[in-house]
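> Give the three-dimensional model of this entry:
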Amino acid sequence: MDILTITFAGVVGFLTLAVGILVKVIGLPDQIRKNYNRKSTEGLSTTFMILALVSYSLWTLHGILRNDIVLIVGQGLGIFTTSIIILQILKYRKNK
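The predicted model follows:
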């Protein structure tokens, strides 16, 4: 197979990786900034954020077990950013 051969699966794989990284590097940090500036997490679903954290954690563990650095780093970013949002939920609820 030629290295320049582009397959549909390859394109889908690349887009999945790119969008996943954008969510964790742009989307979640943007939400963190908004929460911080408002000193509120009103409107965010705590259940969703906890489920997202569990999902990122399981995917990271899967990456560790498969020795897949892309999964480990990509999903590890999700653990980090989602954890910050959960901490903000806890902090700003105490302030009410």
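> Averaged pLDDT, the longest helix along the chain. What do you get?
In the chain, assigned by DSSP state H, the helix with the most residues is helix 69-94. Computed over helix 69-94, the mean pLDDT rounds to 93.
> who does it touch, helix- and strand-wise?
helix 8-22, helix 28-38, helix 46-66 (3 or more C-beta pairs under 8 Å, 6 or more residues apart in numbering; DSSP states H and E). The way it works is simple: take the backbone N, C-alpha and C, and place the C-beta from them, glycine included.
> show me the contacts for the residue nearest the centre of the chain.
Centroid-nearest residue in the chain, with C-alpha atoms, centre = their mean: Gly78, separated by 2.8 Å. Gly78 makes contacts with 23-24, 28, 52-53, 55-56, 59-60, as judged by C-beta atoms under 8 Å, 6 or more residues apart in numbering.
> Specify which member of those residues is nearest to Ile85.
Checking these against Ile85 with C-beta to C-beta, the nearest one is Leu28 at 6.8 Å.
> Skip the chain neighbours and tell me the closest residue to the closest one.
Thr81 (3.7 Å; C-beta to C-beta, 6 or more residues apart in numbering).
> Repeat that for Thr46.
Thr46 sits nearest to Ile89 (C-beta to C-beta, 6+ apart), 5.6 Å away.
> shouldn't that neighbour be in contact with Met49?
Yes. Using C-beta atoms under 8 Å, Ile89 is in contact with Met49, at 6.7 Å.
> State the distance from Thr47 to Val73.
With the distance defined as C-beta to C-beta, to the nearest Å, Thr47 ends up 26 Å from Val73.
> Neighbour count: those two, which is higher?
Legend: neighbour count by other C-beta atoms under 10 Å for Thr47 and Val73, higher for Val73 (13 against 8).
> picking up where we left off before, I'd like to know how far the residue nearest to Thr46 sits from Val54.
From Ile89 over to Val54 (counting by C-beta to C-beta), the distance is 15 Å.
> Name the residue in those two with the higher neighbour count.
Ile89 (19 against 12).
> Could I get the contacting residues of the more buried one?
By C-beta under 8 Å, 6+ apart, the neighbours of Ile89 are 41, 44, 46, 49.
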